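Colleague: structure, please.
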Amino acid sequence: MPYTTIHINPISPEPTNGSVLVIYTGGTLGMVYETKGRQLVPFDFQQIIEKVPEIGRLDFDITFLSLEKPIDSSNVNPEVWIELAKIIQAHYDQFDSFVILHGTDTMAYTASALSFLLENLNKPVILTGAQLPIGVARSDARENVMTALELASAKNEEGHPIITEVCIYFNSFLLRGNRAKKKESSDFNAFDSANYPPLANAGVRIEYNTPFIRNYDPSRQLSIQEHLDNNVAFLKMFPGISPQVVHSILNISGLKGIVLQTYGAGNATTEPWFLEAIQKAIERNVIIFNVSQCDGGRVSQGHYETSKFLEEVGVVSGSDITAEAAITKMMYVFGKEHDPEKWRDMLAKPLCGEMSI
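Modeller: Model prediction:
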């Protein structure tokens, strides 16, 4: 994707605390009201200091990179995720950290995908956005951007980055990216991480939850996976689901994997037609990944009679993974490996903190 860059020099005469690349992809955050009328339009990032003057007072270098044609996050796809990974790889040695400005609707999907694509990441990659456009008086955009920048630039006493993973910062909380999901469409507190504690809480001071943050490791060397396989689908259980629906999804041409969204701790109907359909799909090497519909808790496959069969036929337990991380992990695993047995092994274990053992 073509893009333009804007460099901001810090006003502080003291040595800077590093450099941050901010990548603007689109979304509500970058919208303002047009001069004539009341329609929201993307604003020119050349005006970033005018919209967020506080940025000029930060004591580190900031470069803004804006995609030539910003997109609504509803149009984000695997090609965009791979392009973002390539941008970070291309600038990895030049910058100390990265902030991605992104629409909220699919931010958790993007954060999850990047956590897999950016293999051996050892620098901060923080996604943030806003519920209200930056051109609105009560917008949450300024606080989210400013704090995301501070978190991205934060270093410990040894001079190493405190954060070395893909995260989402929103409304005072820094969350592990592949543990987060959007929970609100109208409140500022838009994201939650039900199965993993926040990595930081930005109040009057930023308090880091150090035991839960991935450690800095100088031996890690970034590489990226450049292929995602989207021959995957969701199958969400609901009372009254018909054989026609299940069969049509499980028999999609070219299908490699299903994220089966089950009840509670991984339970599904025990109707014979359903169990037979699952077994036949697995016999065709379709990987089925059992993920709970609940935001909190985890799959305990085989604990109840209604999930015992799934365990017996080889359905992979997703433990406490989110649906967003599960589907992007499948794309990553299928794009990286060709052996179905390796697919199962990789899905069943945490690759970058996305699930508990």
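Colleague: nearest residue to the residue nearest the centre of the chain other than its sequence neighbours?
Modeller: Residue closest to the mean C-alpha point of the chain, counted by C-alpha atoms, centre = their mean, is Ala111 at 1.7 Å. Leaving aside its chain neighbours, Ala111 sits nearest to Gly177 (2.9 Å; criterion: C-beta to C-beta, 6 or more residues apart in numbering). Just so you know, the C-beta spots here come from the backbone N, C-alpha and C atoms, and that holds for glycine as well.
Colleague: who's in contact with the one you found?
Modeller: 108, 111-112, 114-115, 125, 127, 165-168 (C-beta atoms under 8 Å, 6 or more residues apart in numbering).
Colleague: now with 6 Å?
Modeller: For Gly177, the contact set (C-beta atoms under 6 Å, 6 or more residues apart in numbering) comprises 111, 115, 166-168.
Colleague: pick out the most distant pair among these.
Modeller: Ser115 and Ile168 (10.5 Å; C-beta to C-beta).
Colleague: can I take it that Gly175 is in a strand?
Modeller: For residue 175 the amino acid is Leu, not Gly. Yes: secondary structure of Leu175 (DSSP: H, G, I helix; E, B strand; the rest coil): part of a strand.
Colleague: what sits closest to it if chain neighbours are left out?
Modeller: Spatially, and ignoring its direct neighbours in sequence, Leu175 is nearest to Ser193 (4.4 Å; C-beta to C-beta, 6+ apart).
Colleague: how about Ser153?
Modeller: Counting by C-beta to C-beta, 6+ apart, Ser153 lies nearest to Phe60, which is 4.8 Å off, once chain neighbours are set aside.
Colleague: quick check, the one you found in contact with Ala152.
Modeller: No: counting by C-beta atoms under 6 Å, Phe60 does not reach Ala152; the two are 8.9 Å apart.
Colleague: more crowded one of these two?
Modeller: Ala152 (29 against 19; other C-beta atoms under 10 Å).
Colleague: mind listing what the more buried one touches?
Modeller: By C-beta under 6 Å, 6+ apart, the neighbours of Ala152 are 20, 97, 99, 124, 126.
Colleague: would you map the helices across this structure?
Modeller: Secondary structure of the chain, counting by DSSP state H: helices at 48-51, 78-90, 107-117, 141-153, 243-250, 272-283, 305-313, 323-336, 340-348.
Colleague: how far away is Val76 from Gly103?
Modeller: 8 Å (C-beta to C-beta, to the nearest Å).
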